[in-house]
Structure formats: C-alpha cells, structure tokens
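> A structural model of the following input is requested.
(3 chains)
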Amino acid sequence: MSEERRRVFISGNEATAEGGIAGGCRHFFGYPITPQNKIPEYMAEHMPEVGGVYLQAESEVAAINMVYGASAAGARVMTTSSSPGISLMQEGLSYMLGAELPAVIVNMVRGGPGLGNVAVAQSDYWLSTRGAGHGDGRCITLTPYSVQELHDFTARAFELADRYQNIVMILGDAILASMMEPCTLIPRTEMPPPDRPYAVGPHAPGSRERNIINSLWVDFDVMEAVNIRNEERYARAAAEITEWDEFGSDDPQVLLCAYGISARICEGAVMRAEEAGVRLRLLRPKTVFPFPTAPIREWSERVGAILVVELSMGQFVEDVRLAVEGRCPVDLLGRAGGNMPSVSDVLAKVRQVAAKAGV
Amino acid sequence: MPKVKVDAERCKQCMLCVEFCPRGVLKVSDETNSRGFYPVEMDDESKCTGCGVCGLVCPSVCIEVYR
Amino acid sequence: MAEAKLINPYPDALTEVEMRYCPGCTHGTAHRLVAEVIDEFGVRDRTVAVATVGCSVYAYEYFNTDSVQASHGRGPAVATAIKRVHPDAVVFTYQGDGDLASIGMAEIVHAAARGENFTVIFINNAVFGMTQGQMAPTTLVGQRTTTSPRGRSTAEAGWPIRVCELLDTLDGPAYIAREALSTPQRIRSAKRSIRRAFELQLAGEGFSIVELLSTCPTWWGMDPLGAIRHIEDTMIEHYPLRVFRDRPAGQQEEAGSDA
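Residues are numbered from 1 along each chain as shown, chains lettered A, B, ... in the order given. Below is the predicted model of the structure:
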C-alpha cells in the first residue's frame, strides 16, 4: 500500500473498481452483466488484498438487497451493473432511500429499452436522476467522462454517500467502461469505519439503544418527515457539490451541453468550432443530480441557442430546458442504440441551430 | 401454591390455554377487557399444578405461571 | 413451603410492544420461542433480526434486538450481507410462506446453497395473511382462499411447495427441520429445533432453517381451536414434521472440493 500515486494504463471498469477500493469500499456484491463484468472480476481478484468481501449474488435483486443489508450493518458498500440490471435494482434503491442508507451504485449504461444491446448509450439518465424506484427519493448522480474521472468519482462517492446518507450513482456507459486510458490511482489507505450511529450489529450490552433500519412508516407525518429530510439533503447537496466544467469561447454564440462520453465528442467540436464558423463553448455537468442549473441559466441569457448532445432520444435535454426556462432555444442532437454523432455531425447541427437562432 | 397470572388487557380470548390445560382450571371471565375480549382467568386455583402449559401455548405471551 | 417462582418469565428479547396478531395466530408463539432462545444463549446484544413482509412485518417492533426491515422476499439476501459484515453477529430472518416460498424463493435457495451462517424462522400457514388470505405457494390442494375461492386446483395452480424437502437437496444447509405450533408437545419440540439452529449458527456451521406450521384462523375461516385441529388433521399430513438435516458441529463440509 504505497502512498505514492501510481500512473497506469487501465480500463474504465478496472479504474472504477480500484476507485471503489481506494474510496474505502470493503464489501462488494454484484451480478454479471455486460459491459461491466470487469468490475466484479476485479473485485473478486483484489478484495482479499484489503481484507474485503466480494460476493456474487444470485441476481441483481439479491445484490442490491445485500447492499442494503451491508449498508445497514455499517459497511462502505458498492454494487455495479448495467441498464437492465439497474432496472432490477430499483426496488432496493427505493428501500434504501426510505431507510436513509448510503451506498454507491455504478451503472455502465447500455442500449435499451429491453434487453437492448451492449453498446454505448446514455438512455438511463431518467432512471438515475428520477429513478430509484417508487416514492420521492433521488440518487445523487455523478457523470464522469474519462477513465480518470470514473476512478476519482467512484472513490469520492463513498464520502458523499455518508455525508448525505443517500445513494450515490455513478453514471458511466459502455465505452467509458471498456476503453483504456492513463489513470493516476488514488493510493489505498486504511480508513476508519464510517460514522453510522444508526447501524446494526454487535455492541456492548447497554452501550446504546437497539437500532432499527426500516422503511415502513405507516404514520403520515413520520413518512412525510423522511421525505422532508431527503429533500433537505438534496438541497444541501445542490449547494455543496454541484459540479461542472466549461471549455471554449468566452463569448459563445452557441452553448453545447453534454455529459459523459458525449462531452468528449463535444470537446472535439469546440476545438474545431472554426469549421462551423460559430463561436462555441461546452458546459459539461459532472453532477446531474444535483444539476448545474445556475450556470446553464446564466449562459442561456448570453447565447443565441443551446445544443444538447446526448446518446438518447432526449432525457438530459429536459433538465437543460428546465434550467433555461425558455430564455433561449434549446435543441437536441440525440442518437440511440449504440450510434454516436461524430464531431462533424455535431458541427453540422451547430450550424443549423445557429442559423435558426440568427447568430 | 402454584399461581397463574393472566394479563387481561393482552388476552385475545383465543382459548388455547383453556383447551390445553390438563386440569381444566381456566375459564373466560364475565367482563370484557378494553378491546372487547373476554379474557381468560383462573376458575379453580386449588387444582392448578403450575405445569406451565397455558403459558407455553399462549400466542399473546400474556400468561405468567408461578410454581 | 417456598415462595412460588415465576417459571416462564417474559423474554428480554421481546419488547413490551403488544403484538398485533389475530387471536389464536401462532406467530406470537414463534416470536416467544425465538426470543427465549436468544435469551438462553445470552446473545441479545449480538443479534440482528431481519423482518420481512407479511403479517410479521412489524417483527422489528417485537424483537428487542437490532433489526432490519427487508423488502418482500429479500430477507436472506439482507441477512447474508449483515453476516458478511459482522461474522460475530447472530442473524436470523423471520419469514412467512408468501415471503419465503413465493417472491423470495431465489433468495432463500441461494442463501441455503451458499451455506450462509444465519438462521431462518419460516412460518408456514399456507396462506398470505397480511394481504387478506390469498393463495400461497404452500396452500394445500383443495384449500379455499380469497384467490382460490373454489379451492386450490392443481389444474390451475399446481401443487404446494415443500420448502424443507426442496432445501434438503442442497449441500449448504447445516440444519433443516419442520415443526408445528399446534400442541404443547410440538411447541416444546419446535423450541428444541430453534435452539439447535441457533446453536449451529453460533458454532459457525452455516445455514439453518426451522419451518413452523402455524395457524391462520382468520383466513382459514376457523376459530383458533379449529385452526389447531386443521394443522393436526390436515397440514401435517402434507408437511411431515421431522428434522431433515442436523450436521454435527465441527463437520462443516467443503462442498465441491473433491480433491
């Protein structure tokens, strides 16, 4: 366990898994599904090195309920899956939000709906930011766009999960999962157990009242209080951890909005903006719940139009429109099923959007 | 002297204790508890051996047996 | 003559909260037996109860131990993780037949197959109680329920599942027993099985399950005594009472390691 930061050439899946270990995860429960299989494989291989537990569950349903149990027992715990598996986990996510338990979930998104395919997609945006099953709860959702960010965000997610006593979702995709990039690894360190006075487990007789982890609240006011506490957490998170990056012209005519792998393409478009004859800037959310509403709103008053690029038929674009509230036109370049727009496609669409907006 | 103490408020009058008592010393009372059940009470304490069967079969865990 | 002594003290491992079960429902008996065993082993502060969904959904209010409320059928997955985090905890799930044998069949089978070192208290009353008397996987052929109003027909709904026999095909479990809560003798026997199941868990022997044939007077449409007779006269015939597996302590098998 060297303190020295090691730089390695590594896949997104492996970077995610190692990020989990570096973030203090010592319990991993998973179930195989492409394109994230390298994560459980990595955990099976490396968890014993840190005295951690890897267990292959019988299903995603069981895996998420193991996450629930481990979190209730006070462990930093994580599971990873891909779209259809995350669908199956919705029940468990809802129970965790109802019981106010922290956990880290990674979704390497693939094409859908249905069994879909195993290609790149961003069509689980709603599932992540609106999902978590039934009820009012939400997942804090981080959107890395590189192997390095997969590693860093996953490691950080454990601290955030405990800080807000909430699920933190890492929203990756099939390309980020599989591609290899240089990555500087966070050193593994021994961490004290998370501070969870509410956790169940053996304790000295009389040292505390018994602890109960529960999401059944028959009393109206008690049930509402859970929802109010969660909303307060989300408000705090919005003030404290909303994060985004910007890149390009300081006086843009068109603002590009994209997260994750789509933002990589948009970076290319910004670098080649001269070809379109349009001044371009990219705003890339690193968190989509909480959502960077304020900067998008500010730009909406200064640009002719906003173009959203995402690998879905239009999910993330709705949050952008909610932020813009009609201040400028918001257009969408969306692809699905594993198809991606090229930089040239983005630039062509930029020209269209700019012309329509008269800039 | 063996003794059986029934928590009348918790008794739901299921009658399992009355049925299984080997000496038949229990009966239902004439007065209801606040839920409207007629709780079980001792009928003939002199015949009670304190065997504990009533407490064993009571699903409401509301019978104490002293021996 | 000596002062008479209380021979059945109210268990420390039960709270003072009054159980909400119907008159004559033997859930309460099962709760008491489990609580007595926890007290006898002196492990209340190490115990985590996993309550599930069904009439015993409020088990966390009744067991005076740390408790986790699990979603419907997933108790064994939740218990698996608690035990993996705290191997020194004493963990048990408390599940009905709808929870365990219907929606939770995958979780119970795999926890048993893995030999997870916790105890399952399985209440089989052959009906979904909390949701008002629907057919369960354990409902007997011909039994009337609110969703088998003409009696369970094998042509429509197949045959009842015998959980202990099914789990007995697996190498993982250390202890499998079926008992009934219908008579004083059987209740004493059930207590011995529950005690043995916890004893094997404490010895690290692996998965243990005690199925308890239990009454549901309300949804069987019987008075409490009639329900007791129904267990004796009908249920036991379909669900024979026996200890299916009792692996002696210290003989944990390494399944699959033939070398």
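> Without its sequence neighbours, what residue ends up closest to whichever residue of chain B sits closest to chain A?
Per Cβ to the nearest Cβ, B:V61 is where chain B lies closest to chain A, at 18.6 Å. C-betas here are computed from N, CA, C, even on glycine. Of all residues not flanking B:V61 in the chain, C:R32 sits nearest, at 4.9 Å (Cβ to Cβ, 6 or more residues apart in numbering or on different chains).
> Does anything pack onto the helix or strand containing that neighbour? Which helices or strands?
Taking DSSP states H and E as the definition, one finds C:R32 inside helix C:27-41. Applying 3 or more Cβ pairs under 8 Å, 6 or more residues apart in numbering or on different chains; DSSP states H and E, one finds that helix C:27-41 contacts strand C:90-96, strand C:119-124, helix C:184-202.
> mind checking which of these is nearest chain A?
strand C:90-96 (8.2 Å).
> counting contacts, what elements does that closest one pack onto?
By 3+ Cβ pairs under 8 Å, 6+ apart, strand C:90-96 packs against helix C:27-41, strand C:47-51, helix C:75-85, strand C:119-124, helix C:184-202.
> Check the secondary structure at residue 209 for me.
No chain was given, so I picked chain A. Secondary structure, DSSP: H, G, I helix; E, B strand; the rest coil: A:E209 is coil.
> nope, chain C please
strand.
> ok, now which ones touch it?
By Cβ atoms under 8 Å, 6 or more residues apart in numbering or on different chains, the contact set of C:I209 is C:108, C:112, C:119-122, C:163-164, C:167, C:173, C:175-177, C:197.
> what stretches of the chain score poorly on pLDDT?
All of this is about chain A. A:1-3 (pLDDT under 70).
> wrong one, I was asking about chain B
Using pLDDT under 70, nothing in chain B is flagged.
> who in chain C is up against chain B?
Residues of chain C that fall close to chain B, judged by Cβ under 8 Å from any Cβ of the partner chain: C:1, C:4-10, C:14, C:18-19, C:21-29, C:31-32, C:183-184, C:187-188, C:217, C:223-225, C:228.
> Check the residues you listed for burial and list the buried ones.
Applying 16 or more other Cβ atoms under 10 Å in any protein chain shown to these, the neighbour count classes C:8, C:10, C:14, C:18-19, C:21-29, C:31-32, C:183-184, C:187, C:217, C:224-225, C:228 as buried.
> Verify the contact between A:R351 and A:L280 for me.
No - because the distance of 10.8 Å does not satisfy Cβ atoms under 8 Å, A:R351 is recorded as not touching A:L280.
> Looking at the two, which is more packed in?
A:L280 (26 against 14; other Cβ atoms under 10 Å in any protein chain shown).
> Could you pull up the contacting residues of the more buried one?
So A:L280 contacts A:248-249, A:252-256, A:269-270, A:273, A:350 (Cβ under 8 Å, 6+ apart).
> which ones among these are found in helices?
Residues of these located in helices (DSSP state H): A:269-270, A:273, A:350.
> Return the set of buried residues in stretch A:33-51.
For stretch A:33-51, by 16+ other Cβ under 10 Å, it's A:33, A:35-43, A:46-47.
> Tell me which two in those residues are the farthest apart.
A:P35 and A:M47 (21.0 Å; Cβ to Cβ).
> A:D219 versus A:C139, what's the distance?
26 Å (Cβ to Cβ, to the nearest Å).
> Looking only at neighbour counts, state which of these two leads.
Using other Cβ under 10 Å as the criterion, A:C139 and A:D219 rank with A:C139 on top: 25 against 8.
> Excluding sequence neighbours, find me the nearest residue to the more buried one.
Nearest non-adjacent residue to A:C139, counting by Cβ to Cβ, 6+ apart: A:M169, 4.1 Å away.
> next one: C:D168
C:F244 is the one closest to C:D168 (Cβ to Cβ, 6+ apart), at 4.5 Å.
> what about that neighbour, neighbour count?
16.
> now the helices for the chain?
You didn't say which chain, so I picked chain A. A:12-22, A:38-46, A:60-72, A:83-99, A:125-126, A:147-164, A:174-178, A:220-241, A:260-271, A:273-276, A:293-300, A:316-324, A:343-357.
> if you could check chain B rather than the one you did, that'd help
B:16-20, B:53-57.
> ok, B:C48 - how many residues close by?
Other residues close to B:C48 by other Cβ under 10 Å number 21.
> Correct me if wrong: it contacts B:P22.
No - the pair B:C48 / B:P22 is not scored as a contact, 10.0 Å apart, by Cβ under 8 Å.
> if we can go back for a sec, could you find which two of the contacts of A:L280 are furthest from each other?
A:Q253 and A:A269 (13.3 Å).
> More neighbours: which of those two?
Legend: neighbour count by other Cβ under 10 Å for A:Q253 and A:A269, higher for A:A269 (29 against 22).
> From chain B, how far off is the more buried one?
Going from A:A269 to chain B by Cβ to the nearest Cβ, to the nearest Å gives 71 Å.
> mind listing what that residue touches?
With Cβ under 8 Å, 6+ apart, A:A269 has these contacts: A:256, A:276, A:280, A:282, A:343, A:346-347, A:350.
> which bits of chain B sit near chain C?
Close to chain C, as judged by Cβ under 8 Å from any Cβ, chain B has residues B:1-3, B:10, B:12-16, B:19-20, B:37, B:50, B:52-53, B:55-61, B:63-67.
> Among those, which lie within strands?
Counting by DSSP state E, the residues of chain B next to chain C place B:3, B:63-66 in strands.
> show me the residues around residue 151 that make contact.
Reading this off chain A. A:15-16, A:18-19, A:22, A:183, A:185-186.
> Not quite, go with chain C.
C:141-144.
> Swap in 10 Å and give it another go.
C:135, C:139-145, C:157 (Cβ atoms under 10 Å, 6 or more residues apart in numbering or on different chains).
> Likewise for C:G142?
Applying Cβ under 10 Å, 6+ apart, the residues near C:G142 are C:148, C:150-154, C:234.
> circling back: let's have the helices and strands packed on strand C:90-96 in JSON lines, adding mean pLDDT and distance to A:A225.
Shown next, in JSON lines, are those (pLDDT from 0 to 100; distance: least, Cβ to Cβ, whole Å):
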{"stretch": "helix C:27-41", "mean pLDDT": "98", "distance to A:A225": "29"}
{"stretch": "strand C:47-51", "mean pLDDT": "98", "distance to A:A225": "21"}
{"stretch": "helix C:75-85", "mean pLDDT": "98", "distance to A:A225": "24"}
{"stretch": "strand C:119-124", "mean pLDDT": "98", "distance to A:A225": "32"}
{"stretch": "helix C:184-202", "mean pLDDT": "98", "distance to A:A225": "36"}
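> can you count the residues close to the residue in chain C positioned nearest to chain A?
With Cβ to the nearest Cβ, the shortest gap between chain C and chain A falls at C:A81, namely 3.2 Å. Per other Cβ under 10 Å, the neighbour tally for C:A81 reads 30.
> Check the gap between it and A:R196 for me.
14 Å.
> Just the buried residues of the ones in strands among the residues of chain B next to chain C.
For these, buried by 16+ other Cβ under 10 Å: B:63-66.
> check contacts around residue 23.
Defaulting to chain A. A:G23 touches A:76, A:78, A:104, A:151-161, A:186, A:188, A:191, counting by Cβ under 10 Å, 6+ apart.
> Actually, chain B is the one I wanted.
By Cβ under 10 Å, 6+ apart, the neighbours of B:R23 are B:43-44, B:46-49, B:51, B:53.
> Put the buried members of those residues into a PyMOL selection.
Buried residues among the contacts of B:R23 (16+ other Cβ under 10 Å), as a PyMOL selection:
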select buried, chain B and resi 43+48+51+53
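> Out of the contacts of B:R23, which comes closest to chain C?
Of these, the one sitting nearest to chain C (Cβ to the nearest Cβ) turns out to be B:V53, at 4.9 Å.
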